[in-house]
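[1] prediction below, plus the sequence it came from.
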Amino acid sequence: MTEQVYFEDVSEGEEIPALKKNCSTQQLVLWAAGSGDFYQIHYDKDFAQKTGLPGLIVHGALKNAFLGQLLHDWIGEQGQLRKFGCSYRGMDVPNEDILCRGVVKKKYADGGKNFVELDIWTEKPDGKKMSPGTALVTLPARA
Amino acid sequence: MTEQNYFEDIKEGQELTAIKISPDKAQLVKFAAGSGDFNPLHFDENFPMLKPMGLSENIVHGRFKYAQVGRLVSAFAGYKGRVKNFGVSYRGMDMLNKEITATGVVTGKRQEGGENLVDLDIWTENADGKKTTPGTAVVALPSRG
Amino acid sequence: MADEFEITDDMRKQFGVDSEPWTYEVTTTSVRMYARGIGSDDPIHYDVDFAKAQGFRSIVAPLGYLGTPVFLPGRNDPTFGFPRREGGPRLNIPFKGLLDGGTETEYLDVICAGDVLEETSHLADLKMRGKMLFVTNESVYKNKATGQVVAKQKLTSIHM
């Protein structure tokens, strides 16, 4: 269980704790099972190569789900995820680190709620941003 | 839809309608999803366990072959029949993308405890005709009477 | 090592020992996924209305499918999904090689989506054939709602 983060303790420009992922081929098949997306480019190398890909690639939706996990872990039990999304700008491959990161862009109170906007993304081991997106969450106040 | 089999019409020595399938990787991945067996032996050609087993290809789950025999027996029983038991032994490996035939033969019929029972020999065989998954089943069939 | 191995009385004492129970769920989604996994297109496994019209409670589990064990991280095997349980038979088998020897299922009722099963397993058979040890475990599946045993499944593993 992570400690609860409170609105007062968050500042703009702050980075939230990163989440490191590394997908085995088994993880990709588990995701296929969980999501129902059985497109073969994620587990059949020959099929992937026939479509012009260099090999197996990680599902975009799985990277989206990892970013959801990054936010879920940060906002704690009392936070709420209002919306999040990302676009897929490049391919990730199995057995290579995918680092999920987020930075607080803006914080404000509105209608009795404490909102935090974030920039979120995944990046490759060389630091290249792959799945840039944004998120809106609410956090509890200490008061 | 298969037609319902009735006890009176079954003869010893009668062959079952074979089921053929050549499982590709998508099929085995879906079987992993359905069965919960996510052993990469069945979908990752680079899985380190393959080489020590002398394999260069992924192998079909034993339970996938058991399920093909299950399909065969289900079709024989029809919606009004009941499968009492069915079992197989795993005697050989089958490889990805290679044809597997599930088939069987009626070995006996009897009435017991008010049920019309049919005994079956069942198996899967590979393209060379080798029985890789032999077994037996008992099915209760409805009567026309 | 295999030359010296023999089945001991200590091993035979494990026959009566039941594992702790584990819950297996048979849901409409899990039945359809299993049916897709075996390549079946029989509507009895997919179409609830069709299955009910044939006299079943819901879509019928394909033969050999006895539900999916509830998965709890750290308690189930991450690759095979089966529960790693407390209690139950304990055999200290010295062999490294392991093969799946066979599967046998006895049905006492039809299993349909919506069924929640409680499974316990026990050691059913031990035998040596040459230098190979055949271990058969039997799982007994009860319908939680009715308490009736609906199926028994024997799994044989070959150790050598």
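    Happy to help now that I have it.
[2] list the contacts for residue C:155?
    Counting by CB atoms under 8 Å, 6 or more residues apart in numbering or on different chains, residue C:155 touches C:100, C:102, C:103, C:136, C:137, C:138, C:139. Bear in mind the C-beta positions are built from the backbone N, C-alpha and C, glycine included.
[3] quick check: residue A:64 vs residue B:29, distance?
    21 Å (CB to CB, to the nearest Å).
[4] selection in PyMOL covering whichever of the contacts of residue C:155 are buried, please.
    Buried residues within the contacts of residue C:155, by 16 or more other CB atoms under 10 Å in any protein chain shown, are selected in PyMOL with:
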select buried, chain C and resi 102+103+136+137+138+139
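[5] related to what we said a few turns ago, give me the more crowded residue out of residue A:64 and residue B:29.
    residue B:29 (24 against 19; other CB atoms under 10 Å in any protein chain shown).
[6] how far away is that one from chain C?
    9 Å (CB to the nearest CB, to the nearest Å).
[7] what do you get for residue A:86?
    26 Å.
[8] pLDDT and distance to residue B:59 for the contacts of residue C:155 - can I get that in TSV?
    Shown next, in TSV, are the contacts of residue C:155 (pLDDT from 0 to 100; distance: CB to CB, whole Å):
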residue	pLDDT	distance to residue B:59
C:100	87	11
C:102	94	16
C:103	94	16
C:136	94	23
C:137	93	23
C:138	95	26
C:139	96	24
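[9] out of the contacts of residue C:155, who's nearest residue B:89?
    Closest approach between those and residue B:89, by CB to CB: residue C:102, at 3.9 Å.
[10] the closest one: what secondary structure?
    strand (DSSP: H, G, I helix; E, B strand; the rest coil).
[11] right, and it touches residue C:157 too?
    No. Using CB atoms under 8 Å, residue C:102 is not in contact with residue C:157, being 9.1 Å away.
[12] quick one: residues contacting the residue of chain C found nearest chain A.
    Checking chain C residue by residue against chain A with CB to the nearest CB singles out residue C:79 as nearest, at 7.1 Å. Going by CB under 8 Å, 6+ apart, residue C:79 touches A:26, B:37, B:38, B:39, B:40.
[13] which positions in chain A make contact with chain B?
    A:24-26, A:29-30, A:32-33, A:38, A:40, A:43-45, A:47 (CB under 8 Å from any CB of the partner chain).
[14] go with 6 Å
    Counting by CB under 6 Å from any CB of the partner chain, chain A comes close to chain B at A:25, A:26, A:29, A:32, A:33, A:38, A:40, A:43, A:44.
[15] now do the buried residues in the strand ranked longest in chain A.
    When chain A is parsed with DSSP state E, its longest strand is strand A:97-110. For strand A:97-110, burial by neighbour count (16+ other CB under 10 Å) applies to A:98, A:99, A:100, A:101, A:102, A:104, A:105, A:107.
[16] identify the residue nearest the residue in chain B positioned nearest to chain A in space, chain neighbours excluded?
    Nearest to chain A in chain B, going by CB to the nearest CB, is residue B:33, at a distance of 3.4 Å. Leaving aside its chain neighbours, residue B:33 sits nearest to residue A:33 (3.4 Å; criterion: CB to CB, 6 or more residues apart in numbering or on different chains).
[17] go on, residue B:102?
    That would be residue B:68: by CB to CB, 6+ apart, it lies 4.0 Å from residue B:102.
[18] where does pLDDT dip in chain B?
    B:1-2 (pLDDT under 70).
[19] what parts of it come near chain C?
    B:21, B:30-31, B:33-34, B:36-39, B:62, B:66-67, B:70-71, B:74, B:79, B:83, B:85, B:87-90.
[20] kindly recompute the last result at 7 Å.
    B:21, B:27, B:30-31, B:33-39, B:62-64, B:66-68, B:70-71, B:73-74, B:79, B:83-90 (CB under 7 Å from any CB of the partner chain).
[21] quick one: the helices in chain B?
    Assigned by DSSP state H, chain B shows helices spanning B:25-35, B:62-77.
[22] figure out which of the ones you listed is closest to residue C:83.
    Going by CB to CB, the one of the helices of chain B nearest residue C:83 is helix B:25-35, 15.0 Å.
[23] mind listing the strands for chain C?
    C:22-25, C:68-69, C:98-107, C:116-129, C:132-143, C:149-159.
[24] what's the longest helix in the chain?
    You didn't pick a chain, so chain A it is. Assignment by DSSP H; longest helix in chain A turns out to be helix A:60-75.
[25] sorry, should have said chain C
    Chain C, longest helix under DSSP H: helix C:28-37.
[26] go through that helix and flag the buried ones.
    Under 16+ other CB under 10 Å, the buried positions of helix C:28-37 are C:28, C:30, C:31, C:32, C:33, C:34, C:35, C:36, C:37.
[27] also stretch A:23-32?
    Those would be A:23, A:25, A:26, A:27, A:28, A:29, A:30, A:31, A:32, for stretch A:23-32 by 16+ other CB under 10 Å.
[28] what number of residues lie near residue C:152?
    18.
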